[in-house]
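1. coordinates only, sequence not included:
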Ligand SMILES: NCc1[nH]cc(CCC(=O)O)c1CC(=O)O
């Protein structure tokens, strides 16, 4: 029996169940989901006041270190860039859609919303991107699980959740929200997307759309073997380059920074942009990997981070927190 630790949110359960199924298929063993309740799940205080998204990761890692479970699944973009000494990310499966998606009332385009329309997002990057591209819109602070965020635009009827807990009715009070396409896809809710935001003009968080499967460093045997087989090499290269930019800027997962890399055969490309909080200033850089450095991800990230800093990225925005 393999125990896979997971938070109880619908998104966490959906991504954990997918990984559990592929581990079961590869090992022939049963995989049991072990529920981990974190402080961030029971409190509705702003994440920043609790030490950022790192609060979720810390609780899940504790459970792994205490051997209450054998493997956990993170959204890579929520994982601090500082490695944990006792743990390893044994697998990064092939990345899903890295784009952000807009869910706008009545199927409108963001560009067609009248001035003063309210758009919800708690992400400093998305807030800056919205202000830059759509200066007339009002950005509204937003957090909570995906279902609740969607209900702020789409409304919702009262009911009972699969686990028996009550679902509150909600009247829409926002005109749009911005979410990661990958999260909606994992919840089978892509039907609500009214618009995809192209990566070129709207680079997303380092590692967005990628899962990180973490285990104890000393793990061996069939589970370790199964995890290594789930790893997708070009995904890992790309997201390592994106995360290395974050690390080199000494930035955290809530920095107003977008980064996106992709690998195509022998070629690798990385672009990144840092925003001022109000979005009126940006620092952008990109680099193409062509030669044969030992560590292509670090080589690209070093060039991009140096250029960002030379363009004044450090002065644009507060970058730190939850590294
Ligand atoms: N910060 C929360 C979070 N962490 C991962 C995802 C989506 C899935 C992913 O990016 O892999 C989300 C929700 C969102 O940003 O809309």
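-> Cool, got the structure. Because the structure is predicted, anything quoted here is derived from the model rather than measured.

2. Show me what the residue of the stretch 1-150 of the chain found nearest the ligand bridges to in the sheet.
-> The stretch 1-150 of the chain approaches the ligand most closely through residue 75 (3.3 Å), counting by CB to the nearest ligand atom. Using the backbone N, CA and C atoms, a C-beta is placed for each residue, glycine as well. Beta bridges link residue 75 to residue 211 when assigned by DSSP bridges.

3. Just to check, it is in contact with residue 15?
-> Yes: Residue 75 is in contact with residue 15 according to CB atoms under 8 Å; the separation is 7.3 Å.

4. Next one: the closest residue to residue 235 other than its chain neighbours relative to residue 216, how far apart?
-> Take residue 235 and drop its neighbours on the chain: the residue closest to it by CB to CB, 6 or more residues apart in numbering is residue 95, 4.5 Å away. With distances taken as CB to CB, to the nearest Å, residue 95 is found 24 Å from residue 216.

5. and for residue 75 and residue 15, which residues touch both?
-> By CB atoms under 8 Å, 6 or more residues apart in numbering, residue 75 and residue 15 have these common neighbours: residue 211.

6. Quick one: residues contacting residue 172.
-> Here residue 172 is in contact with 105, 151, 152, 153, 154, 155 (CB under 8 Å, 6+ apart).

7. which stretches of this protein have low pLDDT?
-> Judged by pLDDT under 70, the chain has its weakly predicted residues at 39-53, 321-323.

8. if we go to 50?
-> 48, 50 (pLDDT under 50).

9. The helix or strand in which residue 242 is found - contacts with which helices or strands?
-> In the assignment (DSSP states H and E), residue 242 maps to helix 233-248. Based on contacts counted as 3 or more CB pairs under 8 Å, 6 or more residues apart in numbering; DSSP states H and E, the elements that helix 233-248 packs against are strand 257-264, strand 267-275, helix 296-310.

10. For those, give me TSV that also has distance to residue 83 and mean neighbour count.
-> Below are the helices and strands packed on helix 233-248 laid out as TSV (distance: least, CB to CB, whole Å; neighbours: other CB atoms under 10 Å):
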stretch	distance to residue 83	mean neighbour count
strand 257-264	19	24
strand 267-275	20	23
helix 296-310	14	20
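
11. Indicate which one of those is closest to residue 174.
-> Counting by CB to CB, residue 174 lies closest to strand 267-275 out of these; the figure is 21.6 Å.

12. buried sites along the helix or strand that the closest one is followed by?
-> Towards the C-terminus, the helix or strand next in line after strand 267-275, according to DSSP H and E, is strand 282-289. By neighbour count with 16 or more other CB atoms under 10 Å, strand 282-289 contains the buried residues 282, 283, 284, 285, 286, 287, 289.

13. From what I see, the first one and residue 275 are in contact.
-> Yes: taking contact to mean CB under 8 Å, the distance of 5.4 Å between residue 282 and residue 275 places them in contact.
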